[in-house]
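In: just coords:
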């Protein structure tokens, strides 16, 4: 029996409609419009597509976007100054530097320079530390999208074994931190998991993935997860996006795994649209936080 499809595209539209209502209320109450600044260095085609999607999504929910394109040969110092200017700009609530940066630029000090209150990607060490303690300022966008997708589909993680294949700072590690907490923004049923994080040095990987009640693939290898690695009746979330001869594919061999799993996300149209949506939510939260701080200091 084919797996139930977890439609991230439809859910993203629903959550964005909810955000649009919240943005309208915030704007009416404060006379401020939540604003996201995006910085793109160079002309990487994939990055340009991602930025356009973010700008259009801002428009759909009533937010403003400010795009700063920079040449590929921009210096580290000039890029740093752009970030510092955005830090000082009270009309900008969220800052996103599109990755990857061109060769010759060091991303880490740039990301570290973004004010934690404006770090809507939740990459800053302060925000990572708060997340690890279970009191996040903002939730990392892709992991939060995964949890929203599971929660709104009625799939509980509490007491379940969640196996994550991939240990990146963007998906694998923060998602593991979120799932293992006692509480989440979606309640305790969307947390309290037993979490195993697998990676390139994991031995007997197939034996571990077959134990998963919820299997999350975020390894960046096209169709890496095959049917013989999946426990029958489990939930499979595919975070990967890879460009192949036949277009976009995920980290999961979708057709064959669909015959084993109870539920599965497609690529495209699964987690991807929710990543952008959670970025919008963080931008609204940032605007709310900064407005409250300004009121307190007035």
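Out: Received, thanks. Note that the structure is a prediction, hence the values are computed from the model and not measured.
In: can you pull the contacts of residue 177?
Out: Each residue near residue 177 by Cβ atoms under 8 Å, 6 or more residues apart in numbering is listed here: 131-132. C-betas here are computed from N, CA, C, even on glycine.
In: Which element, helix or strand, includes it?
Out: helix 172-180 (DSSP states H and E).
In: after the helix or strand residue 112 falls within, next one along is what?
Out: Element membership of residue 112 [criterion: DSSP H and E] is helix 107-113. Tracing the chain past helix 107-113, the next element assigned as helix or strand by DSSP H and E is helix 125-132.
In: Could you list every helix and strand in contact with that next one?
Out: Helix 125-132 is packed against helix 172-180, with contacts defined by 3 or more Cβ pairs under 8 Å, 6 or more residues apart in numbering; DSSP states H and E.
In: partners of the helix or strand following the helix it packs on in the sheet?
Out: Sequence-wise, the next helix or strand downstream of helix 172-180 (DSSP H and E) is strand 194-198. Under the criterion DSSP bridges, strand 194-198 sits next to strand 161-165 (parallel) in its sheet.
In: Could you pick out the longest helix of this protein?
Out: Counting residues, the longest helix found in the chain (DSSP state H) is helix 272-297.
In: chain center to it, what's the gap?
Out: Chain-centre distance of helix 272-297: 14 Å, with Cα atoms, centre = their mean, to the nearest Å.
In: List the buried residues for it?
Out: The neighbour-count check on helix 272-297 (16 or more other Cβ atoms under 10 Å) flags 272-288, 290-291 as buried.
In: same deal with stretch 205-216?
Out: 205, 208-210, 212-216.
In: Just the ones of those in strands?
Out: In strands, defined here by DSSP state E, the members of the buried residues of stretch 205-216 are 214-216.
In: Dump those into TSV; add pLDDT and distance to residue 109 as well.
Out: Below are these laid out as TSV (pLDDT from 0 to 100; distance: Cβ to Cβ, whole Å):
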residue	pLDDT	distance to residue 109
214	98	36
215	98	35
216	98	30
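In: Out of those residues, which is nearest to residue 174?
Out: Nearest to residue 174 among these is residue 216, at 11.9 Å by Cβ to Cβ.
In: ok, what's across the strand from the closest one?
Out: residue 164, residue 237.
In: Going forward, the N-terminal residue is numbered 891.
Out: Noted, 891 is the first residue going forward, which turns the last one into residue 1106.
In: quick one on the thing from earlier: tell me the one among the buried residues of stretch 1095-1106 nearest to residue 1158.
Out: residue 1106 (17.0 Å).
In: Hmm, residue 1065 and that closest one touching each other?
Out: Yes. The pair residue 1106 / residue 1065 is scored as a contact, 6.6 Å apart, by Cβ atoms under 8 Å.
In: any shared contact partners between these two?
Out: With Cβ under 8 Å, 6+ apart, residue 1106 and residue 1065 have common neighbours 1036, 1054.
In: and residue 903, what element?
Out: Going by DSSP H and E, residue 903 is in helix 898-920.
In: burial count for residue 934?
Out: As a burial measure, residue 934 scores 17 neighbours (other Cβ atoms under 10 Å).
In: Look up phi and psi at it.
Out: The phi/psi pair for residue 934 (degrees, to the nearest 10) reads phi -60, psi 120.
In: What score does it have for pLDDT?
Out: At residue 934, the model reports a pLDDT of 88.
In: contacting residues for it?
Out: 990, 992.
In: Residue 1138 and residue 1144 touch, don't they?
Out: No. The criterion here is Cβ under 8 Å, and residue 1138 misses it with residue 1144 at 10.9 Å.
In: Compare those two (neighbour count), which wins?
Out: Set residue 1138 next to residue 1144 and count neighbours by other Cβ under 10 Å: residue 1144 wins out with 20 against 14.
In: Sheet partners, orientation included, of the lowest-mean-pLDDT helix or strand in the chain?
Out: Within the chain, confidence by mean pLDDT, DSSP states H and E is lowest for strand 1132-1134 among all helices and strands, at a mean of 85. Using DSSP bridges, the strands paired with strand 1132-1134 are strand 1137-1139 (antiparallel).
In: Could you list the residues in contact with the strand it pairs with?
Out: Strand 1137-1139 is contacted from outside by 1112-1113, 1130-1132, 1157-1158, using Cβ under 8 Å, 6+ apart.
In: In strands only, show me the residues you listed.
Out: residue 1132.
In: Can I have the buried ones of the contacts of strand 1137-1139 as a PyMOL selection?
Out: Per 16+ other Cβ under 10 Å, the buried members of the contacts of strand 1137-1139 correspond to this PyMOL selection:
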select buried, resi 1112+1113+1130+1131+1157
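In: Understood, closing this out.
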